[in-house]
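**Q** only geometry, no sequence info:
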């Protein structure tokens with residue numbers, strides 16, 4: 001607890017399982033309030049909080065009676081809902097039974113016979129008709145048995161004919177079926193489809209469809225009729241889209257005429273193959289109307305079209321590619337540059353996609369100077385910095401740097417080849433930038449002296465303090481400013497390779513590598529003046545014959561001072577002064593030893 005905090009504890013009621021099972025010959029749905037149960041078949045279940053009053057409602061499906069609660073672990077209210085209080089796991093059983101409908105059978109015809117049903121209920125003998133009730137959704141099969149030399153029964157009003165001429169119905173409403181006994185004829189109809197010509201004839205005769213005769217005829221009940229399809233010019237053999245019988249080995253439709261029937265004969269035109277080839281160094285695609293051809297660049301594709309079809313081929317070039325050229329069009333090229341082909345035989349077309357002239361632009365950037373030339377010729381910057389080249393051509397750009405300018409740097413180049421040459425493939429209009437930057441020279445600043453100070457440059461780069469060296473463009477004029485710290489005299493420039501102006505700035509022109517020394521001396525106080533004198537004596541006075549070092553001699557001078565504080569200050573300054581001089585000598589020795597390895601001049 002490192003701050004005010006809050007916890008929330010939740011106590012939920014126990015839950016109990018309510019299970020619902022659906023029975024019966026019908027269909028229905030059981031739902032619950034509150035929601036959770038939604039049962040359409042079999043068994044379903046849901047959990048409810050302890051003590052919840054759940055109301056189960058049963059909705060009967062098509063042709064089903066209202067729900068009957070075979071088991072309700074509660075009470076059935078006036079709305080026929082099963083109300084259950086969930087204080088433990090419970091189960092309810094809902095029964096949906098089918099409704100009933102009336103099936104009537106009427107006997108007709110000059111013959112005689114009997115009609116019975118399965119399941120039982122219908123039993124028509126000598127009477128002219130009979131009826132019975134069946135559950136809705138039940139499948140009833142009627143069987144007619146001829147008597148007294150009558151022909152097979154003929155059914156009317158059945159859902160389907162099954163088995164040995166049995167009438168099958170699904171009882172979903174009151175229905176009437178007619179059973180006709182005696183010699184009877186049925187209509188056989190033929191329908192011709194397809195774009196090709198052709199005729200259909202029958203054996204026994206009666207049908208002569210497409211040959212100038214009738215496309216339908218009546219035949220005796222039970223007769224077998226053979227339908228033959230004869231294709232016309234440029235048509236494929238007949239295809240029986242619908243044969244209400246069987247198709248034999250001779251491609252004939254054999255129909256047993258036991259009811260009105262229909263056959264559908266399809267005559268398609270012969271398919272002619274169209275082949276399209278695309279070539280050239282450009283890119284694009286060729287498509288057809290009607291659809292079928294879809295060719296990309298440098299491929300071959302083909303499709304079949306019905307005999308006599310007018311096919312329009314359209315070539316669409318990609319960006320940077322010239323309009324399609326039909327090297328071969330087995331038809332005519334219309335005003336929209338489309339190849340129109342009439343497919344009266346197998347045909348082939350060739351489409352060429354070529355890259356047109358592409359524009360190359362070279363832009364020179366940077367502070368340096370230089371020229372750019374091209375192979376093949378066209379670019380010469382200097383003078384001409386753009387040119388047109390054949391599409392797909394490889395152009396090599398060479399950059400030549402001017403005085404004091406670094407080698408060219410390519411921007412937007414495809415490939416760098418050889419000794420820094422730019423190769424561009426002219427698959428589209430291209431732009432390349434050639435950057436010529438001035439050479440740079442190193443300017444180094446070394447700080448010395450016992451005082452505090454900071455050296456900066458304009459333009460920026462030097463910050464001693466921070467960075468004591470920086471590179472500047474060739475011929476750049478760099479202005480060095482020395483800012484003295486507290487208790488420090490103005491900067492003294494040693495080895496300024498330019499000029500020191502009237503405001504004590506070292507101004508350097510960067511035409512080579514330069515080094516500048518900035519000295520910051522402390523302002524002398526009484527003790528400091530004496531220290532300075534002591535150090536100066538130690539440095540400049542010729543060594544005495546004694547073996548004392550300059551440092552020792554300077555320290556001896558300090559000990560001669562009268563005041564204790566001045567002596568201590570003098571000793572500290574002498575030690576610091578000689579320590580810096582030793583470090584400077586060590587650094588200079590290291591620099592001289594490594595300058596060739598570092599590339600310094």
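**A** That came through, no problem. Since the model is a prediction, treat every value here as computed from it, not as a measurement. Numbers count the residues shown, from 1 in each chain.

**Q** doesn't residue 55 make contact with residue 85?
**A** No. When contacts are counted by CB atoms under 8 Å, residue 85 is not listed as touching residue 55 (10.6 Å). C-beta coordinates here come from the backbone N, C-alpha and C atoms, glycine included.

**Q** mind showing which ranges of this protein have poor pLDDT?
**A** For the chain, the stretches flagged by pLDDT under 70 are 148-150, 183-184, 211-214, 383, 466-467, 525-548, 586-601.

**Q** all strands for the stretch 401-550 of the chain, in order.
**A** 409-411, 415-417, 421-425, 430-435, 440-448, 453-458, 463-464, 469-473, 476-484, 492-494, 499-500, 506-510, 514-519 (DSSP state E, counting those that start in this stretch).

**Q** so what are the sheet partners of the first one and their directions?
**A** Same thing as strand 409-411. Strand 409-411 has the following sheet partners, assigned by DSSP bridges: strand 430-435 (antiparallel).

**Q** next one: the partner strand to chain centre, how far?
**A** 33 Å (CA atoms, centre = their mean, to the nearest Å).

**Q** next, the buried residues of that strand.
**A** 430, 432, 433, 434, 435 (16 or more other CB atoms under 10 Å).

**Q** also stretch 367-384?
**A** Residues of stretch 367-384 classed as buried: 368, 370, 371, 372, 373, 374, 379, 381 (neighbour count, 16+ other CB under 10 Å).

**Q** surely the first one touches residue 407?
**A** No. Taking CB under 8 Å as the definition, residue 368 is not a contact partner of residue 407, at 9.8 Å.

**Q** and for those two, which residues touch both?
**A** Common contacts of residue 368 and residue 407, defined by CB atoms under 8 Å, 6 or more residues apart in numbering, comprise residue 401.

**Q** beta partners for residue 471?
**A** As for beta bridges, residue 471 partners with residue 442 under DSSP bridges.

**Q** oops, could you answer that again for residue 517 instead?
**A** residue 446, residue 494.

**Q** specify the local secondary structure of the nearest residue to residue 324 once chain neighbours are set aside.
**A** Once its chain neighbours are removed from consideration, residue 324 has its nearest residue in residue 315; the separation is 2.8 Å (CB to CB, 6 or more residues apart in numbering). The assignment at residue 315 comes out as strand when based on DSSP: H, G, I helix; E, B strand; the rest coil.

**Q** quick one: closest of the strands of the stretch 401-550 of the chain to residue 353.
**A** Taking CB to CB as the criterion, strand 421-425 is the member of the strands of the stretch 401-550 of the chain that comes nearest to residue 353, at 16.5 Å.

**Q** show me what that closest one is packed against.
**A** Applying 3 or more CB pairs under 8 Å, 6 or more residues apart in numbering; DSSP states H and E, one finds that strand 421-425 makes contact with strand 394-401, strand 415-417, strand 430-435.

**Q** how about those strands in a markdown table, adding distance to residue 222?
**A** Listed next are the helices and strands packed on strand 421-425 as a markdown table, based on distance: least, CB to CB, whole Å:
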| stretch | distance to residue 222 |
| --- | --- |
| strand 394-401 | 84 |
| strand 415-417 | 85 |
| strand 430-435 | 84 |
